[in-house]
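Student: sequence first, predicted model second:
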Amino acid sequence: MKKSLAIGLITVFIAVSLVGCGSNSSNTSSNTSGSSGAYKDGTYKAEQASFDAHGYKGQIEITVKDGKISSVVYNEVDKNGKFKRDDADYASKMKAKNNITPKEVDEKLQQELVDSQDTSKVDTVAGATESSKTFVELANQALKDAKK
């Protein structure tokens, strides 16, 4: 009787253990595919074809690591290669009018994309509607080659 009870308990223990392992195994595989992200690792770039009315064109470089967007560098550059974010006169005028500078706009957009991992979740920055639109368009263009 004790032997049958012991065998029964061991059988139940093994069955419960296997069910638990099967459950963990399935969670691990779904977590693995979820953590691998939606993108192929690499660096992806895009640039506007022409300069805007202010004389700048947007450029973006997105780095994907482990399937996720790990960094974003967005700049608007003039025909001389000078970044809008470094133009003190432009920044001063923009700050006075919209209470934000090009550098702050760039940093906000970049961080939102890294945080959300989704261009559709990047909000338009008040006072920088055109830059925000350009950022999203270029991010989408750069990431199209990164999609799995």
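Tutor: Thanks, I have it.

Student: I'd guessed Leu109 sits against Thr134; true?
Tutor: No - in this structure, Leu109 is not within contact of Thr134 by CB atoms under 8 Å, at 9.5 Å. From N, CA and C alone the C-beta is placed, and that goes for glycine too.

Student: so which of those two has more stuff around it?
Tutor: The residue with more neighbours, out of Leu109 and Thr134, is Leu109; 24 against 21, by other CB atoms under 10 Å.

Student: surely the more buried one is within a strand?
Tutor: No - read with DSSP: H, G, I helix; E, B strand; the rest coil, Leu109 is helix and lies in no strand.

Student: which residues touch it?
Tutor: Leu109 makes contact with 72, 74, 122, 125, 131-132, 135 under the criterion CB atoms under 8 Å, 6 or more residues apart in numbering.

Student: Validate this expectation: Ser71 resides in a helix.
Tutor: No - read with three-state DSSP, Ser71 is strand and lies in no helix.

Student: ok, it to Thr129 distance?
Tutor: 24 Å (CB to CB, to the nearest Å).

Student: now do Lys95
Tutor: Taking CB to CB, one finds Lys95 at 16 Å from Thr129.

Student: would you mind telling me which of those two has the busier surroundings?
Tutor: Neighbour comparison, Lys95 and Thr129: the larger count goes to Lys95, with 14 against 11 (by other CB under 10 Å).

Student: pretty sure that one contacts Val105?
Tutor: No - between Lys95 and Val105 there is no contact under CB under 8 Å: 10.8 Å.

Student: quick one: which of the contacts of Leu109 sit in strands?
Tutor: Per DSSP state E, strands hold the following members of the contacts of Leu109: 72, 74.
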